[in-house]
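1. Below is the structure, and that's it, no one-letter string:
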């Protein structure tokens, strides 16, 4: 097949392009800008466009399909040309479904935890040399790409994102997969630019549950009251398997999972990650991995990229970076670090970077999110507010939203960096939470703090 990607440089898009190239398809693509690591990875496989920009001349009747990325706009000249020629245009999730409609589709959904749970499942399957197709939202240790597609594998494991499919397809991605096996980890309002009310956001998960095939298996977190209500009230003819946080304890800085085979030391920590582990175990069992084999494999799982990822550690200092940015993720991450390092000073740094987090109304959702930290810092860039064309938020609004009198607030990247580099981090645990980079913070340089 001849496939052309409009906006090939995206994190998900370039991985799909590489996967199809590896499958033997002829792949081309365009984008107006491509940054690393996408750029170097596309170049490695000979898929990097010769020049950046949009070129309608690349679109002709010989193309079997167009895959349209979210980065493109509705008036993209290549998209308009493809539409005028009547070419088949797929969104990213639509094409993944086409590639997997004859397979058993396992879809991991939820506002938080889905990347980690998907990563856990793939880690266990890889450990036991079980070949599956997959799509996951983070780079995993031992996996070259975030997308893998074959003709022969029976299963495909898909991270089920609730964000929109493409500029011309306003359905959430996970509505298109029609899972045989699914998981819902938790529901906490996010993406308010797309889902303006909490009720509207929850409705997407109801649609997802009802989109499962008849007789499908839904694994769900019964400790999340919204998830529990969504799944248990569904009239879809599916089997329902609840899970909850397993028993565990912390000893000398290591988390131990209590199992029928004894206490199992883990590389990961935090109640939310133990909860994720319980969900992943159910899914793996549905895929033919028994409990003992799951525990054997999960013991050395170190986590997904940017999910409580350890940057550096010394005898008395540890620094993590974490993708957490939504209120529920920030609260869970901060609580996990304090629980694991209760005898240390926990410094939690949060960058407000997303559309939702920079919205003055949504800020109220962050109430108590940083309470578990001994010292808390919030950074945001007024430039990011302007780029997103949002009404400016003030330091006072942020302080009021978090309801923490000692909250430290920075809007200047240089001042934030100076604060961090001048802190006495002896006997500390630091967590840097953001989907951005604090206005240009070099995480390699952060390693020099220890």
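-> In hand now; what should we look at? These figures come from a predicted structure and were not determined experimentally. Residues are numbered from 1 along each chain as shown.
2. Please, where are all the helices along this protein?
-> Using DSSP state H, the helices of the chain run over residues 11-23, 38-44, 77-85, 92-100, 114-127, 198-210, 225-232, 271-286, 291-298, 327-340, 382-387, 395-402, 413-422, 443-446.
3. Pipe the ones you listed into a markdown table and attach distance to residue 359 and mean pLDDT per row.
-> Heads up, the C-betas are built off the backbone N, CA and C, glycines and all. Output for the helices of the chain, formatted as a markdown table (distance: least, C-beta to C-beta, whole Å; pLDDT from 0 to 100):
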| stretch | distance to residue 359 | mean pLDDT |
| --- | --- | --- |
| helix 11-23 | 23 | 94 |
| helix 38-44 | 28 | 96 |
| helix 77-85 | 29 | 98 |
| helix 92-100 | 26 | 96 |
| helix 114-127 | 23 | 95 |
| helix 198-210 | 14 | 96 |
| helix 225-232 | 21 | 98 |
| helix 271-286 | 24 | 97 |
| helix 291-298 | 37 | 95 |
| helix 327-340 | 12 | 93 |
| helix 382-387 | 10 | 70 |
| helix 395-402 | 11 | 90 |
| helix 413-422 | 21 | 95 |
| helix 443-446 | 27 | 92 |
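4. quick one, which of those is nearest to residue 178?
-> helix 92-100 (6.9 Å; C-beta to C-beta).
5. how much does that closest one deviate in direction from helix 11-23?
-> Helix 92-100 runs at 30 degrees relative to helix 11-23, counting by axes from the mean of the first three to the mean of the last three C-alpha atoms, to 10 degrees.
6. Please list the outside residues in contact with helix 92-100.
-> 12-13, 16, 65, 67-70, 90, 105, 133, 135, 149, 156, 158, 165-166, 169, 173-174, 176-178 (C-beta atoms under 8 Å, 6 or more residues apart in numbering).
7. what does stretch 118-129 give?
-> Applying C-beta under 8 Å, 6+ apart, the contact partners of stretch 118-129 are 106, 108, 132, 134, 136-138, 140, 142-143, 157-159, 276-277, 280, 283-284, 287, 289, 293-294, 296-298, 301, 303-304, 307.
8. In strands only, show me the contacts of helix 92-100.
-> Mapping the contacts of helix 92-100 onto strands (DSSP state E) picks out 65, 67-68, 90, 105, 133, 135, 156, 158, 165-166, 169.
9. next one: stretch 237-257 to chain centre, how far?
-> A distance of 20 Å separates the centroid of the chain from that of stretch 237-257, by C-alpha atoms, centre = their mean, to the nearest Å.
10. Same question for stretch 256-270.
-> Relative to the chain's own centre, stretch 256-270 is displaced by 24 Å; criterion: C-alpha atoms, centre = their mean.
11. Also stretch 186-193?
-> Using C-alpha atoms, centre = their mean, the offset of stretch 186-193 from its chain centre is 13 Å.
12. now for it, what's the gap between its first and last residues?
-> One end of stretch 186-193 sits 20 Å from the other (C-alpha to C-alpha, to the nearest Å).
13. and what of stretch 391-400?
-> 17 Å.
14. Could you tell me which residues within it count as buried?
-> 393, 398-399 (16 or more other C-beta atoms under 10 Å).
15. Report the beta-bridge partners for residue 184.
-> residue 109, residue 220 (DSSP bridges).
16. Let me know whether it touches residue 218 as I believe.
-> Yes - with contact defined as C-beta atoms under 8 Å, residue 184 reaches residue 218; the gap is 7.1 Å.
17. Show me how this protein divides into domains.
-> 2-87, 95-298, 309-449 (automatic domain parsing).
18. Now do the contacts for the residue lying closest to residue 423 once chain neighbours are set aside.
-> The shortest distance from residue 423 to any non-neighbouring residue, by C-beta to C-beta, 6 or more residues apart in numbering, is to residue 347 (6.8 Å). By C-beta under 8 Å, 6+ apart, residue 347 lies in contact with 373-377, 423, 425, 428-431.
19. cool, residue 291 as well?
-> 259-260, 281, 285.
20. could you dump those to CSV with neighbour count?
-> Below are those laid out as CSV (neighbours: other C-beta atoms under 10 Å):
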residue, neighbour count
259, 15
260, 7
281, 22
285, 15
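21. need the longest strand for this structure.
-> Per DSSP E, the chain has its longest strand at strand 345-352.
22. Specify the beta-bridge partners of residue 29.
-> When assigned by DSSP bridges, residue 29 has beta-bridge partners residue 5.
23. Looking at it now. What's its pLDDT?
-> Note for residue 29: predicted pLDDT of 98.
24. right, and residue 83 touches residue 89 too?
-> Yes - checked against C-beta under 8 Å, the pair residue 83 and residue 89 is within contact range at 7.0 Å.
25. which of the contacts of residue 347 sit farthest apart?
-> Largest separation among these by C-beta to C-beta: 376 and 425, giving 15.2 Å.
26. neighbour-wise, which of these two wins?
-> residue 376 (22 against 19; other C-beta atoms under 10 Å).
27. still on that earlier bit, could you pull up the mean pLDDT of the longest strand of the chain?
-> Here the average pLDDT along strand 345-352 is 95.
28. From the chain's centroid, how far away is that strand?
-> Distance, centroid of strand 345-352 to centroid of chain: 20 Å (C-alpha atoms, centre = their mean).
29. Fine, thanks again, bye for now.
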